[in-house]
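Asker: Attaching a predicted model along with its sequence, questions to come.
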Amino acid sequence: MLTDTTRQALRLPAFAMLAGQTLYIVITQLHAGGEANDHHHIFETYAENGIWTAVHLGQFIGIAAILAGMAAVFLTLEPRTGTMKAVAAFGVGLSVAALALYGALQAVDGVALKQTVNAWAAAADAEKTARFASAESIRWLEWGMRSYHDIAMGLALVILVRVMKRAGLSIGMAFLIGVSGLALLAQGWIAGTEGFTSAQSLAIVIGWAASLAWMVWFAMTAWSTIASGESQASEATA
């Protein structure tokens, strides 16, 4: 079972993950929408979008908060010795890798894709075909970056299940973390093989729901237990 000191150390990571997930979901609602694999139509929508850069920066901040929180949880719950120490260290490494991949993804999507679709939309007719081909190449690079980011983050969450179970946290919470991890793995596979399809969108929604549920649960566990312990300590000294 977790000590009060450990629970207190988990407060900030719990807040960071929940705040990051909430920010990511909210800011993503402002993302330009449409049939993502219909490139002619969606590129026109992207070119007309005036808040593209701000939305993608917000998404990056949200994911960075989640992954920083996850890394902190791994470090806090990491045993001093044994196999689980190596497992937790691997989880930290995957969290860092996922953040690096997401930064590269947003450089491709949030900057390069926007510039290529703008250039295609503004190009003379004689240049349209070449500009469109460039935009599609950037889009396919985005598929690859998204695929590997989702897989890295999904694996980190699967490892987090093992670390949290060993630390004595709820099996129900571990189940929800596992669902969110598997949803990310599914997203990564679909993005890498088919692009941004309706199946991937379904996996995203499932992942969001599971993530919000376990992050709220985790935050309540970290904060409510501490509050209870502080109350008992106050009563004992009164």
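Answerer: Nice, I can see it. Residues are numbered from 1 along each chain as shown.

Asker: Which residue ranges of this protein form helices?
Answerer: 4-9, 11-28, 39-48, 52-77, 83-106, 114-122, 128-166, 171-193, 198-237 (DSSP state H).

Asker: Surely Gly20 is in contact with Ile63?
Answerer: Yes: using CB atoms under 8 Å, Gly20 is in contact with Ile63, at 6.7 Å. To be clear about C-beta, it is placed using only N, CA and C from the backbone, and glycine gets the same treatment.

Asker: Phi and psi next, for Glu194.
Answerer: Main-chain dihedrals, Glu194, degrees, to the nearest 10: phi -130, psi -10.

Asker: pLDDT at it, what is it?
Answerer: Among the per-residue scores, Glu194 holds a pLDDT of 96.

Asker: go on, Val73?
Answerer: For Val73, the model assigns a pLDDT of 95.

Asker: what's the pLDDT at the closest residue to Val108 other than its chain neighbours?
Answerer: By the measure of CB to CB, 6 or more residues apart in numbering, the closest residue to Val108 outside its immediate chain neighbours is Glu142, 5.0 Å from it. Note on Glu142: pLDDT of 97.

Asker: sorry, back to before: put together TSV for the helices of the chain, with mean neighbour count on each row.
Answerer: Shown next, in TSV, are the helices of the chain (neighbours: other CB atoms under 10 Å):
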stretch	mean neighbour count
helix 4-9	15
helix 11-28	19
helix 39-48	16
helix 52-77	20
helix 83-106	18
helix 114-122	18
helix 128-166	19
helix 171-193	20
helix 198-237	16
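
Asker: where among these is the average confidence lowest?
Answerer: helix 198-237 (a mean of 78).

Asker: isn't the residue nearest to Val108 right up against Lys114?
Answerer: No: Glu142 lies out of contact with Lys114 (CB under 8 Å); the separation is 11.1 Å.

Asker: most centrally placed residue in the protein?
Answerer: Ile63 (4.6 Å; CA atoms, centre = their mean).

Asker: check contacts around that residue.
Answerer: For Ile63, the contact set (CB atoms under 8 Å, 6 or more residues apart in numbering) comprises Gly20, Tyr24, Leu99, Tyr102.

Asker: could you redo the last one with a cut-off of 6 Å?
Answerer: For Ile63, the contacting residues are Tyr102, by CB atoms under 6 Å, 6 or more residues apart in numbering.

Asker: Give me the distance between it and Asp125.
Answerer: The gap separating Ile63 from Asp125 is 39 Å, by CB to CB, to the nearest Å.

Asker: got it, and Ser134?
Answerer: Taking CB to CB, one finds Ser134 at 16 Å from Asp125.

Asker: got it, and Ser137?
Answerer: Taking CB to CB, one finds Ser137 at 20 Å from Asp125.

Asker: Glu194 too?
Answerer: Distance of Glu194 to Asp125, given as CB to CB: 31 Å.

Asker: more neighbours, those two?
Answerer: When neighbours are counted by other CB atoms under 10 Å, Glu194 and Asp125 differ, and Glu194 comes out ahead with 13 against 6.

Asker: Not counting sequence-adjacent ones, nearest residue to that one?
Answerer: Leaving aside its chain neighbours, Glu194 sits nearest to Gln200 (7.4 Å; criterion: CB to CB, 6+ apart).

Asker: Many thanks, we can stop here.
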